[in-house]
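Novice: Got a sequence here, can you build the structure:
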Amino acid sequence: MRLIIILVAPARAENVGAAARAMKTMGFSELRVVDSEAHRQPAARYVAHGSTEIIDNTQDYPSLASALHDVDFTVATTARSRARYHYYATPAQLLTLLEERRSWTPTAALVFGREDSGLTNEELELADVLTGVPMVADYPSLNLGQAVMVYCSWLTSLMAGEAVAETPVATGQLAALRTRVDALLEKLEVADDKKMADWLQQRLGFLGQRDTAMLHRLLHDIEKKLTD
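Specialist: I've put the predicted structure just below:
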């Protein structure tokens with residue numbers, strides 16, 4: 001699995017440098033930055049001592065959506081209230097989830113938000129799964145470099161070796177499934193039930209390969225029956 005780290009609008013060059021250093025330490029190498037020039041500042045290279053090649057090869061994007069153009073599975077980090085998003089994974093749960101997906105999801109991304117405000121609701125909606133680090137403090141917060149280190153240290157085993165796919169990989173399975181679910185809800189005239197629609201979309205990201213394939217099959221049968 002190719003796992004990309006994405007930083008959305010980082011404000012401080014030092015934080016980008018710290019993130020790059022954490023990535024290099026744990027075996028990650030691909031960094032994308034959205035809507036920021038912080039990685040181009042000298043301080044980023046200074047803090048990234050020993051991992052400046054990650055800074056040099058950082059790819060720039062104007063929006064998170066554009067940074068995810070070739071990503072099959074997106075994980076977004078959040079420390080804010082998740083009243084709307086009831087289903088999220090801890091770093092340990094995320095490792096298990098990504099380990100299962102290694103043989104059938106070629107490219108995944110781990111997205112980190114702004115230092116002061118995190119990711120917007122619109123950006124969170126681009127994710128397949130949300131993740132958060134359990135905190136004891138009343139105001140849970142890690143700085144950007146710390147957050148990247150926590151996740152990279154948990155997920156470093158993914159970089160140890162590539163899983164061999166037992167079956168040919170079909171990219172875009174999850175995105176296609178989301179599209180089919182949305183279309184079915186519209187056809188059944190229940191798309192306005194936001195609670196159900198949100199629940200469905202949130203849970204889809206946790207499905208394994210077999211469950212994803214079986215749900216595609218079920219939706220195919222339902223679609224066929226509705227058009228008969």
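
Novice: the domain parsing of this protein - what is it?
Specialist: Using automatic domain parsing, the domain ranges for the chain come out as 2-159, 173-227.

Novice: Least confident of those domains, on average?
Specialist: Looking over the domains of the chain, mean pLDDT reaches its minimum on domain 173-227, with a mean of 83.

Novice: Could you list the buried residues of the helix or strand where residue 184 lies?
Specialist: If you go by DSSP states H and E, residue 184 is part of helix 173-187. Burial within helix 173-187, assessed by neighbour count using 16 or more other Cβ atoms under 10 Å, is assigned to 173-174, 177, 180-181, 184-185. (C-beta placed from N, C-alpha, C; glycine too.)

Novice: distance of the residue positioned nearest the centre of the chain from residue 109?
Specialist: The structure's the chain has its C-alpha centroid closest to residue 75; by Cα atoms, centre = their mean the separation is 1.8 Å. Separation of residue 75 from residue 109 (Cβ to Cβ, to the nearest Å): 7 Å.

Novice: follow-up on the earlier one: could you tell me how far the helix holding residue 184 lies from the centre of the chain?
Specialist: Chain-centre distance of helix 173-187: 19 Å, with Cα atoms, centre = their mean, to the nearest Å.

Novice: Next: stretch 152-159.
Specialist: 14 Å.

Novice: mind checking the longest helix of this protein?
Specialist: When the chain is parsed with DSSP state H, its longest helix is helix 209-227.

Novice: Check which helices and strands that one sits against.
Specialist: For helix 209-227, the packing partners by 3 or more Cβ pairs under 8 Å, 6 or more residues apart in numbering; DSSP states H and E come out as helix 173-187.

Novice: Only the buried residues of the host helix or strand of residue 145, if you could.
Specialist: Secondary-structure assignment from DSSP H and E places residue 145 in helix 144-155. The neighbour-count check on helix 144-155 (16+ other Cβ under 10 Å) flags 144-145, 147-149, 151-152, 154-155 as buried.

Novice: again, but for stretch 115-123
Specialist: Within stretch 115-123, the residues scored as buried using 16+ other Cβ under 10 Å are 115, 118-119, 123.

Novice: Repeat that for stretch 51-64.
Specialist: Of all the residues in stretch 51-64, those buried under the rule 16+ other Cβ under 10 Å are 51-52, 54-55, 58, 61, 64.
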